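Asker: Got a predicted model here, sequence first, then my questions.
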Amino acid sequence: MNAICRPKFNLGQIVATPGALEALEQSGQSPQFFLDKHQHGDWGELDDQDKQSNDQALVDGSRILSAYRTLKGERLWIITEAVGDDGRRSSSTILRPSEY
């Protein structure tokens, strides 16, 4: 029997920039595809140091960044903000790197 893979953290409110929405529309992919990868610890196209920073963020509550490519080769980032005073993450943003 396979164990259900639980999300590693809460995404908070999900928002996307116009550029990210355009890239997703052009590729025919849904935001949920990338959000699921991000939330389950598949950090995408990051170097080992950035991946380790994300793993540490799961412990200390700091910001989490993932980087992906759409089927059309467009780069997308997902940034989940640091944990607030209430212990919750407030938001996750899908964006093109040029929109940062």
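Answerer: Okay, I see it. Numbers count the residues shown, from 1 in each chain.
Asker: Enumerate every residue touching Thr70.
Answerer: If a contact means CB atoms under 8 Å, 6 or more residues apart in numbering, then Thr70 has Ala23, Leu24, Gln26, Ser27, Gln29, Leu76 as its contacts. In short, each C-beta sits where N, CA and C put it, glycine included.
Asker: Make sure the first one is indeed in a strand.
Answerer: So that's Ala23. No: counting by DSSP: H, G, I helix; E, B strand; the rest coil, one finds Ala23 to be helix, located in no strand.
Asker: That one: what's it in contact with?
Answerer: Ala23 touches Thr70, Lys72, Glu74, Leu76, Arg96, counting by CB under 8 Å, 6+ apart.
Asker: Of the residues you listed, which belong to strands?
Answerer: Residues of these located in strands (DSSP state E): Leu76.
Asker: Now do the residue most central in space within the chain against Asn54, distance only.
Answerer: Nearest residue to the geometric centre of the chain (CA atoms, centre = their mean): Ile78, 3.4 Å. The spacing between Ile78 and Asn54, counted by CB to CB, to the nearest Å, is 11 Å.
Asker: which residues are common contacts for these two?
Answerer: Shared contacts of Ile78 and Asn54 (CB under 8 Å, 6+ apart): Leu65, Ser66.
Asker: Can you list the helices and strands that the biggest helix by length in the chain packs against?
Answerer: In the chain, with assignment by DSSP state H, the single longest helix is helix 48-60. Secondary structure elements in contact with helix 48-60, counted by 3 or more CB pairs under 8 Å, 6 or more residues apart in numbering; DSSP states H and E, are strand 64-69.
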